[in-house]
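S.K.: Need a 3D model of the sequence below.
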Amino acid sequence: MRPLDGITVLSFEQAIAAPFATRHLAEAGARVIKVERPGEGDFARAYDRRVNGLSSHFVWVNRSKQSLTLDIKSKAAEGILARLIERADVLVQNLAPGAAERVGLSADALRARHPRLIVCNISGYGGDGPYRDKKAYDLLIQAEAGVLSVTGSPDEPAKTGIPVADIAAGMYAYASILNALLLRERTGCGSALDISMLESLTEWMGFPLLYAYAGASAPPRAGAAHPTIYPYGPFTAGDGHVVVLGLQNEREWAIFCNQVLAQPALATDARFDGAGKRSERRAELKKIIEASFSALTAEQVVARLDVAKIGNARMNDAAQLWAHPQLAARGAWVTVGSSVGRIKTLAPAAKTDGYAPKLEAIPAVGEHTDAILDEIGFSASEVAALRASGSI
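M.R.: I've put the predicted structure just below:
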């Protein structure tokens, strides 16, 4: 038994945010019916061809779902949607601003007819306010939410290497849907959920936002280093490889000087005897640290840091992450089916002994259309007519 067995999610989704949320619902047992455009499907299918001809983005967020192709603007769609919504517990959409309302999928219209239905709208800026109708892509939200202002080098801002605005909105949508399902168990009533990428990412900006409280200066951009704590970031060893380390307090600073750098006098050096001084003189301190590391390989530096119990990490690339020994030891990799065969991917990050997550195939465009329409009462001839008209 899985926690969401028996729950049906109807999702009008594209790109990353909504599919990321519904993938997690599917893995908890929900049946997720993904509604896609006839022919091309979710446009994220065409982002790249890196996974045996499939899109890396699509493979990431769309396993364990069923794909139904439907032109939701066609006349025939109204009857199909009515039957699907009647059977749904949750409806999720992240269509372009105003698109859901134009085809009768607004939360108000749906919940008036289906009071137990949970409707989750995911958008860039939310359902009201002056930015409601602006287009929103991950980079644009990173800019609006101030992420670019605190990410990058002192000379140039940078976007994060992963779509954090989409991920943040997807995770808040997932959590909010779970909350709404629990609430429905108690009250019998559904909920309307309004998730914005801007507010989701602004929540993740909590530390720099509050650091700049009441007009104070924001944390400076510091590349891969910490903006206010030092040494905390990447350092190059003698073999050219990079080790990332972090010190949190004066006790660790003293241990670092004694056991890692073998320079005990540095611990009480007046230039560096305080967190603020070390941060202000980071260029000078970096030279001292890397001069000490120059006689060592990265592995030797890591060994010293481990003995001293100083937090550290290797700066892995994607290939090294695929081969990470900790992930292998924890059985973090699984394979799932697809139209191009079995694909290796990451198991759900949250491990539980309560149930086995649902790990099913990545659907081809419209793979389940005929079966779903048959299930809700359409005959083979009606399905053929719908296909001929381009409605499915």
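S.K.: use CA for all of it now, contacts and neighbours both
M.R.: OK.
S.K.: all helices of the stretch 251-392 of the chain, in order?
M.R.: 275-280, 282-293, 298-307, 318-322, 325-329, 369-375, 380-388 (DSSP state H, counting those that start in this stretch).
S.K.: let me redo that: the stretch 1-150 of the chain
M.R.: So, for the stretch 1-150 of the chain - with DSSP H, counting those that start in this stretch - the helices run 17-27, 56-61, 77-87, 99-102, 107-113, 138-144, 147-150.
S.K.: quick one: the third one to helix 380-388, angle?
M.R.: Interaxial angle of helix 77-87 relative to helix 380-388 (axes from the mean of the first three to the mean of the last three Cα atoms, to 10 degrees): 120 degrees.
S.K.: What are the buried residues along helix 77-87?
M.R.: Going by neighbour count (16 or more other Cα atoms under 10 Å), the buried part of helix 77-87 is 77, 80-81, 84-85.
S.K.: what does the fifth one give?
M.R.: Along helix 107-113, the positions that meet the burial threshold by neighbour count (16+ other Cα under 10 Å) are 107, 110-111.
S.K.: What strand or helix carries Asp194?
M.R.: Using DSSP states H and E, Asp194 maps to strand 192-196.
S.K.: Which elements pack onto that strand?
M.R.: Under the contact definition 3 or more Cα pairs under 8 Å, 6 or more residues apart in numbering; DSSP states H and E, strand 192-196 sits against strand 118-123, helix 164-187.
S.K.: ok, Leu25 touching Leu4?
M.R.: Yes - look at Leu25 against Leu4 with Cα atoms under 8 Å: they come within range, at 7.3 Å.
S.K.: From the chain's centre, how far out is the least confident helix or strand in the chain by mean pLDDT? Work that out for me.
M.R.: Sorting the helices and strands of the chain by mean pLDDT, DSSP states H and E puts helix 99-102 at the bottom, at a mean of 89. Offset of helix 99-102 from its chain centre (Cα atoms, centre = their mean, to the nearest Å): 25 Å.
S.K.: For that helix, buried residues please.
M.R.: Neighbour-count burial for helix 99-102, counted by 16+ other Cα under 10 Å, picks out Ala100.
S.K.: what comes into contact with that helix?
M.R.: In this structure, residues lying in contact with helix 99-102 by Cα atoms under 8 Å, 6 or more residues apart in numbering are 93, 106.
S.K.: before we move on, what about stretch 350-366?
M.R.: Outside stretch 350-366, the residues within contact range by Cα under 8 Å, 6+ apart are 1-3, 26-29, 36, 38-41, 59, 62-69, 336-339, 348.
S.K.: Quick one: end-to-end length of that stretch, please.
M.R.: The first and final residues of stretch 350-366 sit 30 Å from each other (Cα to Cα, to the nearest Å).
S.K.: Kindly report the same for stretch 377-392.
M.R.: Start-to-end span of stretch 377-392 (Cα to Cα) is 15 Å.
S.K.: Stretch 254-267 too?
M.R.: Per Cα to Cα, stretch 254-267 runs 5 Å from first to last residue.
S.K.: Buried residues in it, which are they?
M.R.: 254-261, 266-267.
S.K.: can you check stretch 333-342 too?
M.R.: Using 16+ other Cα under 10 Å as the burial criterion, the residues of stretch 333-342 that qualify are 336-338.
S.K.: Sort out for me which of those are in strands.
M.R.: Among these, DSSP state E puts Val336 in strands.
S.K.: If we ignore the residues flanking it in sequence, what's nearest Gln263?
M.R.: For Gln263, ignoring the flanking residues on the chain, the nearest one in space by Cα to Cα, 6 or more residues apart in numbering is Cys257 at 5.3 Å.
S.K.: That neighbour touches Leu266, doesn't it?
M.R.: Yes - between Cys257 and Leu266 there is a contact at 6.1 Å, judged by Cα under 8 Å.
S.K.: middle-most residue in the chain, spatially?
M.R.: When Cα atoms, centre = their mean is applied to the chain, the residue found nearest the centroid is Ile167 (2.6 Å).
S.K.: for that one, what are its contacts?
M.R.: Ile167 neighbours (Cα under 8 Å, 6+ apart): 16-17, 20.
S.K.: Could you report the neighbour count for Leu178?
M.R.: Using other Cα atoms under 10 Å, Leu178 is surrounded by 14 other residues.
S.K.: can I see the domain layout of the chain?
M.R.: Domain assignment of the chain by automatic domain parsing yields the ranges 8-205+329-388, 232-314.
S.K.: Please produce a markdown table containing those domains, extended by distance to His226.
M.R.: Below are the domains of the chain laid out as a markdown table (distance: least, Cα to Cα, whole Å):
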| stretch | distance to His226 |
| --- | --- |
| domain 8-205+329-388 | 10 |
| domain 232-314 | 6 |
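S.K.: So for Ala216, which of these sits nearest?
M.R.: Set against Ala216 and scored by Cα to Cα, the domains of the chain come closest in domain 8-205+329-388, at 14.1 Å.
S.K.: start to end distance for that closest one?
M.R.: OK, domain 8-205+329-388 end separation, Cα to Cα: 28 Å.
S.K.: can you pull out the strands in the stretch 201-350 of the chain?
M.R.: Per DSSP state E, counting those that start in this stretch, the stretch 201-350 of the chain carries strands over the ranges 232-236, 242-246, 311-314, 333-336, 343-346.
S.K.: for the buried residues of helix 107-113, which one is nearest Ala295?
M.R.: Closest approach between those and Ala295, by Cα to Cα: Ala107, at 64.1 Å.
S.K.: quick revisit: which of Leu25 and Leu4 has more neighbours?
M.R.: Between Leu25 and Leu4, counting by other Cα under 10 Å, Leu25 is the more crowded of the two (27 against 16).
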